[in-house]
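In: Give me a model of this one.
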Amino acid sequence: MSTLWIGTSWKMTKTLAEGRAWAEGLRDQLGGQDNLDRAAPTGVQPFVIPSFTATTTVREVLGEDSPVLLGVQNAHWEDAGAWTGEVSVPQAKDAGAQIVEIGHSERREHFGETVETTRLKVAAALRHGLTPLLCIGESLAVKDAGGSSEFILEQAAGALGGLSAEELSRVVIAYEPIWAIGEKGRPATVEELIEPFAALGAQYTGTVAGILFGGSVNLDNAADLLRIDHVTGLFVGRTAWELGGYLELLRIAEAHAGS
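Out: Numbering: from 1, shown residues only. Purely as a prediction, here's the structure:
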């Protein structure tokens, strides 16, 4: 079985004190810094994507030896320049990031992210040795019209087309249908996810580092979601913002990996 990726993005939440407390709790459970006798759950790759302001704090708490990968929620495709308000991939890497989240639907809807800019950002992350976490997902209108699989494959191809096999092997894809994410989203059923993951699996299983699902993931549905063919992890929001929720998700994933 492939390694199961279990991660969370904090979006625009948590003060530095709150982020530090969360990271300290995770460090005490999984290792890093003075807790070298502990390790990540077997068969599971944990990752956390805090806000930019908390990046260095979380890295300092977890330590360089941590089994938890650290990410940022966005990064520009240029290495430097007059891009007010932006953060470059080299800057993110300098702050301790190992993953760059790219193309989240909120970035596409509110901040003008396009298929072209996702392609540029994926290339920038790979160029600097970071893992691109490419988010894809369709609207409810597209889903209701029966076009989910075609839509998400086009999004993925637009960002990943032209990559070498080695580059593609460093990419993680997160399928996050827009209708299932956020406070107003509704949990997707297993039946609704079989077809899109079959399409993604046919195209990318064995070629990318992981194919994750994100969208109203909670402690009640996590185990069922991990049983879907071609799902190799979960990208979680609110359920993982409390440390106890995230730790329970890791436990669920470890049990699945060992089954």
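In: Going by C-alpha atoms from here, please, whenever you check contacts or count neighbours.
Out: Will do.
In: what sits against the closest residue in space to residue 120 that isn't next to it in sequence?
Out: Nearest residue to residue 120 in three dimensions, chain neighbours excluded: residue 77, at 5.5 Å (CA to CA, 6 or more residues apart in numbering). Contact analysis of residue 77 by CA atoms under 8 Å, 6 or more residues apart in numbering lists 88, 89, 117, 120, 121, 122, 123, 124, 125.
In: go with 7 Å
Out: 88, 120, 121, 124 (CA atoms under 7 Å, 6 or more residues apart in numbering).
In: Give me the distance between it and residue 86.
Out: Taking CA to CA, to the nearest Å as the measure, residue 77 falls 10 Å from residue 86.
In: Kindly report the same for residue 199.
Out: 34 Å.
In: quick one on the thing from earlier: specify which member of the contacts of residue 77 is nearest to residue 231.
Out: Nearest to residue 231, judged by CA to CA, of the contacts of residue 77 is residue 121 at 24.0 Å.
In: Tell me, how many residues neighbour the closest one?
Out: As a burial measure, residue 121 scores 26 neighbours (other CA atoms under 10 Å).
In: Sketch out the helices for the stretch 101-250 of the chain, chain order is fine.
Out: 105-111, 115-127, 140-144, 148-160, 165-168, 190-204, 222-226, 238-241, 243-257 (DSSP state H, counting those that start in this stretch).
In: can you redo these as CSV with mean pLDDT?
Out: Output for the helices of the stretch 101-250 of the chain, formatted as CSV (pLDDT from 0 to 100):
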stretch, mean pLDDT
helix 105-111, 94
helix 115-127, 98
helix 140-144, 94
helix 148-160, 98
helix 165-168, 98
helix 190-204, 97
helix 222-226, 97
helix 238-241, 96
helix 243-257, 96
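In: where does residue 44 fall, phi/psi-wise?
Out: phi -120, psi 140 (degrees, to the nearest 10).
In: same question, the one 5 residues further on
Out: Geometry field for residue 49 lists phi and psi as phi -120, psi 90, criterion degrees, to the nearest 10.
In: Who is it paired with across the strands?
Out: Per DSSP bridges, the residues bridged to residue 49 are residue 9.
In: For it, give me its contacts.
Out: Contacts of residue 49 (CA under 7 Å, 6+ apart): 8, 9, 10, 70, 71, 72, 73.
In: out of the contacts of residue 77, which one sits closest to residue 223?
Out: Among these, and counting by CA to CA, the member closest to residue 223 is residue 121, at 31.9 Å.
In: Not counting its neighbours along the chain, what's nearest that closest one?
Out: Nearest non-adjacent residue to residue 121 (CA to CA, 6+ apart): residue 77, at 4.6 Å.
In: what about residue 70, which helix or strand?
Out: strand 69-72 (DSSP states H and E).
In: Pairing partners for that strand, with directions?
Out: Strand 69-72 is paired, per DSSP bridges, with strand 44-49 (parallel), strand 99-102 (parallel).
In: winner for burial among those strands?
Out: Ranked by average neighbour count under the criterion mean count of other CA atoms under 10 Å, the strands paired with strand 69-72 are headed by strand 99-102 at a mean of 27.
In: Let me see the residues that make contact with it.
Out: By CA under 7 Å, 6+ apart, strand 99-102 touches 70-75, 118, 121, 125, 130-135.
In: Can you report how many residues lie near residue 169?
Out: 17.
In: Return the member of the contacts of strand 99-102 nearest to residue 177.
Out: Checking these one by one against residue 177 (CA to CA), the nearest turns out to be residue 135, at 9.4 Å.
In: about what we covered before: looking at residue 199 and residue 86 now, which is surrounded by more residues?
Out: Of the pair residue 199 and residue 86, residue 199 is the one with more neighbours under other CA under 10 Å, namely 17 against 14.
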